[in-house]
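1. Quick one, structure for this:
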Amino acid sequence: MGKLTDAQLEGMGFSRDAIRAVSSREYSTEGEHIDACHREQMRLSEVTAKKPTRPTGQKGEAMNVRAKFRVTDKEVNEQGEGSVKLEAVTSGSPENDEFFKWTPSGELSMGTINSQALAQFELGDEFYVDLVKAI
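-> Purely as a prediction, here's the structure:
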């Protein structure tokens with residue numbers, strides 16, 4: 001199964017309420033579990049707009065950032081090595097419109113020698129990118 005532990009999800013910045021709300025469901029991949037937590041976190045933040053669900057980013061506080069990117073370019077050589085380029089989403093769904101408000105532009109390029117990792121990226125696929133400060 002693709003279920004993460006509560007501690008792993010908390011480490012990604014999800015609230016305990018969001019984690020609790022999705023904990024009884026089964027997931028085929030970890031990504032599916034993360035997506036469910038993210039949707040629940042967004043739903044809860046809409047319901048409790050006056051109650052912040054993450055640190056505000058004031059000095060001394062760690063602040064996790066989540067952005068959403070789309071694969072715009074992929075190059076693969078004969079050995080299965082290559083690179084992918086992702087750009088911040090700008091439209092295509094209500095969720096993308098919401099992400100665009102907070103991350104109107106961005107670009108991420110990655111190279112890999114791992115053909116299995118590279119196979120996970122197809123043109124047009126969308127990915128969440130979580131930025132958590134390393135301690």
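
2. Would you mind giving both backbone torsions of Ser93?
-> phi -160, psi 160 (degrees, to the nearest 10).

3. residues near the closest residue to Asp125 other than its chain neighbours, how many?
-> Leaving aside its sequence neighbours, Asp125 sits nearest to Val71 (Cβ to Cβ, 6 or more residues apart in numbering; 4.8 Å). For the C-beta atoms, the positions are set from N, CA and C on the backbone; glycine is no exception. Neighbour count of Val71, defined by other Cβ atoms under 10 Å: 18.

4. would you say Val71 is within a strand?
-> Yes. Assigned with DSSP: H, G, I helix; E, B strand; the rest coil, Val71 falls within a strand.

5. which residues sit in contact with it?
-> Val84, Lys85, Leu86, Phe121, Glu122, Leu123, Gly124, Asp125, Glu126, Phe127 (Cβ atoms under 8 Å, 6 or more residues apart in numbering).

6. Look up how far Lys85 lies from it.
-> Note on Val71: its distance to Lys85, by Cβ to Cβ, to the nearest Å, is 7 Å.
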